[in-house]
Structure formats: structure tokens, C-alpha cells
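**Q** When you get a sec, could you give me coordinates for this:
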Amino acid sequence: MQLELPNRIAAIVLFLFCCALSLSCNSRRLTEKDVVGTYRAQADWGESTLVLHPDHIFEQTVLRNDHTQISAKGIWQLRVHEGEDDSGGIMVFKPFLAVAHDQRGEDAGGAFPSISRGHLWGIVIAADPDWGISFEKE
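**A** Numbering: from 1, shown residues only. As a prediction, the model looks like this:
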């Protein structure tokens, strides 16, 4: 069953509107209010949860597949990129548990991962881009 012309036009207009809305939201500058929340990263060796609080305190937990658990608590800061696309930046964590393919929650002392808007309205903090490991906001 084919859509009649007015319905097809309405469907196309709605689709284009949604695309434009999605693109405009993704290019908006990240703020501290945007990044506060809970993030999860999955790796082949386990997972990590990262909670960013509004008072610039974070809590990180790493749970390995062998059921060992490590936790860290520290401070975070958002540094926004300046330029045409302000939708990304750098997170500063002190201390930090590394969540890379070959670092399974090891104490890294600190970290400076990139942060950016993901698809649609999500926010992603890179952990090990070469292995596809990242913290995604819940």
C-alpha cells in the first residue's frame, strides 16, 4: 500500500526535521551539567562504572570477570575544546583506574580522556578507542 502524496510529504518533512534536530543537539557545547551522571564501560575482561557528581567528585568501580573489584574516588574537571565544533572536550580525573584492553582497572594516577556527544543525545568518554572501549552515559 502506497502513501498518498500529502502523507508522503508529511513523512519526509518529519524525517528532515528529526535529522536537523539531532544534528543541532549534537553540536551544542558540552556543559558540566550535561556530563554529570552515571557511565558504564564494557570490556572483554570486565566492566567499569563511573559516577560524576555535580560537586566535581567522581566514584569509579571496576569489576573484573574473575569477580575482583577495585574502586577509586577523586575529582573531575571538564575542559571544553574551543573552535567550530564545541561539542567535545577533555575530562580530567585524579586519580583514575585505567579501563583499557591491557589495563584492567590498574591505578593510572590520573587520566585525560576525550569526551564528546555520541549518537543522538548520548555522551561518550573514551577509554581505549583502539579496542572500542568507552564509557557511555546511562
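**Q** tell me the mean pLDDT for stretch 72-80?
**A** Mean pLDDT, stretch 72-80: 93.
**Q** List the buried residues in that stretch.
**A** 72, 74, 76, 78 (16 or more other C-beta atoms under 10 Å). In short, each C-beta sits where N, CA and C put it, glycine included.
**Q** so the most centrally placed residue in the chain bridges to which residues?
**A** Residue closest to the average C-alpha location in the chain (C-alpha atoms, centre = their mean): residue 124, at 1.7 Å. Applying DSSP bridges to residue 124 yields these beta-bridge partners: residue 116, residue 136.
**Q** show me what contacts it?
**A** The contact partners of residue 124, taken as C-beta atoms under 8 Å, 6 or more residues apart in numbering, are 115-118, 134-137.
**Q** and with 6 Å instead?
**A** Residue 124 makes contact with 116, 118, 134, 136 under the criterion C-beta atoms under 6 Å, 6 or more residues apart in numbering.
**Q** how close does it sit to residue 97?
**A** Going from residue 124 to residue 97 by C-beta to C-beta, to the nearest Å gives 18 Å.
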